[in-house]
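>>> I'll drop the sequence and a predicted model, then ask my questions.
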Amino acid sequence: MSLALVTMSHSPLLKYADPPAEVADAVQDAFGAARAFVQEYDPTLVVSFAPDHYNGFFYDLMPPFCIGYRAEGVGDYGTAEGPLDVPAERAEELAQWVAERDIDVAVSRRMQIDHGAVQPLEVLFGTLTAVPTIPVFVNGVARPFVTMRRVRRLGEAIGGFLTTLRNERVLVIGSGGLSHDPPVPQWATADDTVRAMLLDGRHPTAAAREARQRRVIDTGRAFAAGTASIKDLNPEWDRALMTTLASGDLSPIDAMTPERMAEEAGNSSHEVRTWVAAFAALGAAGPYNVTYEFYRPIREYIAGFGVMTARTAP
Ligand SMILES: O=C(O)CCc1cccc(O)c1O
Ligand SMILES: [Fe+2]
């Protein structure tokens, strides 16, 4: 049973920043390559590993992982709003399978997902309902972080389940990263107003959402102009990680720690957990080949921007 994979950075600034045309075109070309790969594979089921940015998951109950039985996009940053087509019974079987492999996952019958999960679906399929999709939340912004080994083992367990689905062509997606340090609030440094949002900020007013987005948009402009105080992108770190993921041997990733990741690649580099889970899932079906790779550090998007496609070796 073979599997296919697309991992890609996301950026809320895709529609709100203005990089040089050559850069924007290169990203669109990379999206086109990923889209062509997916069209050719013609998946019947998608499993999407994505982080969240305090739009669906908050500190009133923050799990490291969550499998969605139902899910809807919240429509942040102009992304699609509304329900996904989640095959609920399959999602339940998946959660049971994973639980039996000693990985503790939360489940949600009302998962809310943001641009982190929605953007790849829009890029690859145009809509949120084109292909039945099981969303898997992987915490990438809210301390505490589980070990990278745990993330790899989650991916392996999910991949093991997917290889049992003989009548499906399954695409796994990983969304986020790579190195980047956008102004996502953190509990330790937040004031009372921001803490209230981090605790339980569901269904913000339009004005509150606008204010949050404005801060990220302004930071992107300043970062491109060289006047932002956020940590710089780290292309060497990004390329090294992509090389490891492509190698098929993910064991070196177990040694990565949240502290060093934040130090070397920024506070949102933890989003690469979704890539690790996705590659580990792919690897559960056997050796794989990377069929496409794109990488550019893009300050306007506040992202070490990568796209990879891969499939089980023939
Ligand atoms: O908190 C937000 O609203 C989004 C922050 C953000 C910015 C650029 C790239 C990202 O991956 C990201 O997460
Ligand atoms: Fe993100």
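Structure's in. What do you need? Ligands and ions are numbered 1, 2, ... in the order given.
>>> Leaving out sequence neighbours, find the closest residue to the residue nearest the centre of the chain.
For the chain, S175 is the residue whose C-alpha lies nearest the centre (CA atoms, centre = their mean; 2.4 Å). With sequence-adjacent residues excluded and distances taken as CB to CB, 6 or more residues apart in numbering, S175 is closest to A50, at 4.3 Å. Yep, even glycine has a C-beta here, placed from its N, CA and C like the rest.
>>> That neighbour: neighbouring residues, count only.
For A50, the neighbour count with other CB atoms under 10 Å is 28.
>>> ok, now the one 10 residues further on?
For D60, the neighbour count with other CB under 10 Å is 10.
>>> Which secondary structure element is home to it?
Counting by DSSP states H and E, there is no helix or strand that carries D60.
>>> end-to-end on stretch 164-179?
34 Å (CA to CA, to the nearest Å).
>>> Would you mind listing the buried residues in that stretch?
165, 168, 170-179 (16 or more other CB atoms under 10 Å).
>>> Isn't the residue nearest to the centre of the chain up against G116?
Yes: shown here, S175 and G116 form a contact pair, counting by CB atoms under 8 Å, at 5.5 Å.
>>> Inside strands: which ones of the buried residues of stretch 164-179?
170-175 (DSSP state E).
>>> quick one on the thing from earlier: closest one to ligand 1 out of the buried residues of stretch 164-179, please.
Ranked by distance to ligand 1 (CB to the nearest ligand atom), the buried residues of stretch 164-179 are led by G176 at 5.6 Å.
>>> can you give me phi and psi for the closest one?
phi 130, psi -170 (degrees, to the nearest 10).
>>> Quick check, it in contact with S48.
No: at 11.1 Å, G176 and S48 do not qualify as touching, with contact defined as CB under 8 Å.
>>> what's the spacing between D218 and A225?
11 Å (CB to CB, to the nearest Å).
>>> burial of T291, as a residue count?
Neighbours of T291 using other CB under 10 Å come to 16.
>>> if I pick it, what's in contact with it?
37, 309-311 (CB atoms under 8 Å, 6 or more residues apart in numbering).
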